[in-house]
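> The sequence and its predicted three-dimensional model are supplied below.
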Amino acid sequence: MTWLLLILLTMCYNSLCDDQCFHKPCACCRTSNCNMNSTCENGCIDGYWGDSCFYTCPVNCINCEQNSPSVCDKCHDGYYNGFWHDGNSYGPWTDNCINKCNPQCKSCYYYQHCKECADGYYKTKSVENCTLPCPQRCISCISESDCTECKPGYFGINCSQICSKGCDTVECDKKTGSCNCTSNYMGETCRYCKHEKFGTNCDLECPENCLVCNQSDSCLYCKPGYEGAMCNQPNDQTTKRQSTHAPEYNKDNKTLSIAIGSMFGILAVVTIVFALLFWWRRRQRRLKKQQKIIKRMERNTFKASSSSNAPFEMSQGYLSNTLNEN
């Protein structure tokens, strides 16, 4: 019994025990099924072994068998179970995750067959050992033209575009290149100088008489009365403006007169249209009234025509007079 205790103490001294689980019954069981003897009936959580799951698995194991710590079920990235191989020769089979993957593999099934590639490499269906290099500006990629992560300072689908030096850090958005700007730059990608700045680094003040500078070494717009690349040459703009003031004023008056005349013309046309419409509607009412009178006289004439022609002639005369009156 003493020798067993010594073995356990030695194992704990060699970091096989862990404060998280050691002497904490059932603390590291995979499930809540733990019997009266503190035995985990459904195994241990990842990284531990033993009846009570007190002990840690070998360093490269994610999990190991509960009663056989030398047998790893799953390895950490960079290690595998199987025949040892160094790229040239093979060795015996091991199952305690001591075999290293190919350096280009992040994780592997065996030495020449990668699950995932290390940064800077990618694989295809025909090339499974991750020996294909990513583009120079990529940290990781899935093909030679599609980077999943760019090196600092680059962006775009293949990291071919350079982040602006106006960004406040060396990094920018991988897709759009957008970033936060330093004090002298503006725009979504910080590629433009602020209006009062110019120069290759946007660190020069625009000249006094310059309203807006360009990126390099000249002004885009000068204040009134100045001209030249740096807006430092006086011109006669003020005099020209004074001499042309009257024509501009006359021009404005002429424009106003045309606008007023057009307005009155439109009002006149509208008035005429309404007058014609009123006359037409009145004439239609008069015609309808006359038609009613004609129909009534025709009925009276028809009744009188059966006895003599004299009433008929009188009716005709009466009709004519009635129409003229109306």
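That came through, no problem.

> Give the burial count for Trp280, as a bare number.
10 (other CB atoms under 10 Å). In this view, the C-beta of every residue, glycine as well, is placed from N, C-alpha and C.

> Ok, the one 4 residues further on next?
As a burial measure, the neighbour count of Gln284 was computed by other CB under 10 Å and equals 10.

> Likewise for the one 10 residues further on?
Applying other CB under 10 Å, we find 13 residues neighbouring Ile294.

> Let me know the average pLDDT across the helix or strand harbouring it.
Using DSSP states H and E, the secondary-structure element containing Ile294 is helix 245-304. Here helix 245-304 scores 71 as its mean pLDDT.

> cool, and stretch 40-58?
86.

> how far is that stretch from where the chain is centred?
48 Å (CA atoms, centre = their mean, to the nearest Å).

> strands paired with the helix or strand hosting Asn63, and their directions?
Per DSSP H and E: Asn63 is located in strand 61-65. Applying DSSP bridges to the sheet, strand 61-65 is found paired with strand 68-75 (antiparallel).

> neighbouring contacts of the partner strand?
16, 46, 49-50, 55, 57-58, 60-65, 81, 95-97, 107 (CB atoms under 8 Å, 6 or more residues apart in numbering).

> Identify the residues contacting the residue positioned nearest the centre of the chain.
Nearest to the geometric centre of the chain sits Thr176, at 8.9 Å (CA atoms, centre = their mean). Contacts for Thr176 (CB under 8 Å, 6+ apart) come out as Phe155, Glu188, Thr189.

> Let me know the pLDDT of it.
Per-residue pLDDT puts Thr176 at 92.

> can you confirm it is in a helix?
No. Judged by DSSP: H, G, I helix; E, B strand; the rest coil, Thr176 forms no part of a helix; its state is coil.

> any idea how far it is from Ile157?
Using CB to CB, to the nearest Å, Thr176 is found at 11 Å from Ile157.

> same question, Ser145
On the measure of CB to CB, Ser145 and Ile157 end up 7 Å apart.

> Report the set of residues contacting both of those two.
In contact with both Ser145 and Ile157: no residue, using CB under 8 Å, 6+ apart.

> And the average pLDDT for stretch 212-223 is what?
pLDDT averaged over stretch 212-223 gives 76.

> Any buried residues in it, and which?
Cys213, Asn214, Cys219, Cys222 (16 or more other CB atoms under 10 Å).

> How far away from the center of its chain is it?
Remark: stretch 212-223 is offset 33 Å from the chain centroid, using CA atoms, centre = their mean.

> What is the burial count for the closest residue to Glu188 other than its chain neighbours?
What sits nearest to Glu188 in space, not counting adjacent residues and going by CB to CB, 6 or more residues apart in numbering, is Ser178, at 4.9 Å. The number of residues packed near Ser178 is 16, by other CB under 10 Å.

> Might you report the residue contacts of Ser178?
Cys172, Glu188, Thr189.

> Now secondary structure and neighbour count too, for these, in TSV please.
Formatted as TSV, the contacts of Ser178 follow (DSSP: H, G, I helix; E, B strand; the rest coil; neighbours: other CB atoms under 10 Å):
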residue	secondary structure	neighbour count
Cys172	coil	25
Glu188	coil	13
Thr189	coil	19
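
> Redo the residues you listed as CSV? Include distance to Cys28 and pLDDT.
Rendered in CSV, the data for the contacts of Ser178 read as follows (distance: CB to CB, whole Å; pLDDT from 0 to 100):
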residue, distance to Cys28, pLDDT
Cys172, 45, 93
Glu188, 51, 93
Thr189, 51, 93
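
> Now render the residues you listed as a markdown table, adding distance to Asn201.
Below are these laid out as a markdown table (distance: CB to CB, whole Å):
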| residue | distance to Asn201 |
| --- | --- |
| Cys172 | 17 |
| Glu188 | 19 |
| Thr189 | 16 |
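
> now, the most widely separated pair of the buried residues of stretch 212-223?
Within the buried residues of stretch 212-223, two members stand farthest from each other by CB to CB: Asn214 and Cys222, at 12.4 Å.

> Only C-alpha atoms, please: export the biggest strand by length in the chain in PDB.
Counting by DSSP state E, the longest strand found in the chain is strand 90-100. C-alpha atoms of strand 90-100 as PDB (Å, rounded to 0.1, in the frame of the first residue of the first chain):
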ATOM      1  CA  TYR A  90       9.500   5.500 -41.000                       C
ATOM      2  CA  GLY A  91       9.400   4.200 -37.400                       C
ATOM      3  CA  PRO A  92       7.200   2.200 -35.100                       C
ATOM      4  CA  TRP A  93       3.500   2.900 -34.500                       C
ATOM      5  CA  THR A  94       2.700   5.000 -31.400                       C
ATOM      6  CA  ASP A  95      -0.600   6.100 -30.000                       C
ATOM      7  CA  ASN A  96       0.400   8.700 -27.400                       C
ATOM      8  CA  CYS A  97       0.600  11.700 -29.700                       C
ATOM      9  CA  ILE A  98       4.300  12.000 -29.900                       C
ATOM     10  CA  ASN A  99       4.600  12.100 -33.700                       C
ATOM     11  CA  LYS A 100       4.900  15.500 -35.200                       C
END
